[in-house]
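Engineer: Need coordinates for the following:
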Amino acid sequence: MSFLPGIISGSLVAGGIYYAIFSEPLLTRTLAHQRDLKLLDSRLQEPRVHGSPSAADRIHHNPRKAMLMQRWNEEIEGLFHTVRRLDRTLVDWGRRLIGDKGSQ
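Structural biologist: Here you go, the predicted model:
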């Protein structure tokens, strides 16, 4: 019977010592977290300070540049059409050449 009360009293003493040593740092940390959360909450609710303009506002549309880009794109498109026509012409020429050699 004396074994069980000894374990219980030892547990109570150990729990009291643990509480006495570690309760203050736990409370301090908890209060610091609460204070930090309140500070963050208040900062999130404050209106934002106007910073730099958005990316869409920083884009400057230059009509002369747009015209040059359009002209460049048209020239490149024309170049591709010319190469495609040349390729078709060469393919047709090659088919005629092979067809003519095969008939001899």
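Engineer: His60 - how many residues pack around it?
Structural biologist: Residues within reach of His60, counting by other CB atoms under 10 Å, total 6. Every C-beta, even on glycine, is put in place using the N, C-alpha and C of the backbone.
Engineer: next one: phi and psi at it?
Structural biologist: For His60, the backbone dihedrals are phi -100, psi 120 (criterion: degrees, to the nearest 10).
Engineer: What distance do you get for it to Asn73?
Structural biologist: Using CB to CB, to the nearest Å, we find His60 at a distance of 20 Å from Asn73.
Engineer: swap in Leu79?
Structural biologist: In this structure, Leu79 and Asn73 are separated by 11 Å, where distance is defined by CB to CB.
Engineer: Could you do Ser52 as well?
Structural biologist: When CB to CB is applied, the distance between Ser52 and Asn73 equals 32 Å.
Engineer: next one: Glu46
Structural biologist: To Asn73, Glu46 is 48 Å away according to CB to CB.
Engineer: Settle it for me: which of those two has more neighbours?
Structural biologist: Between Glu46 and Asn73, counting by other CB under 10 Å, Asn73 is the more crowded of the two (10 against 7).
Engineer: Dihedrals phi and psi, that one?
Structural biologist: When quoted as degrees, to the nearest 10, the phi and psi of Asn73 stand at phi -60, psi -40.
Engineer: Next: Val49.
Structural biologist: Torsion angles at Val49 (phi, psi; degrees, to the nearest 10) stand at phi -80, psi 140.
Engineer: Distance of Leu24 relative to Val83?
Structural biologist: Wrong residue type there; residue 24 is Glu, not Leu. Glu24 is 82 Å from Val83, by CB to CB.
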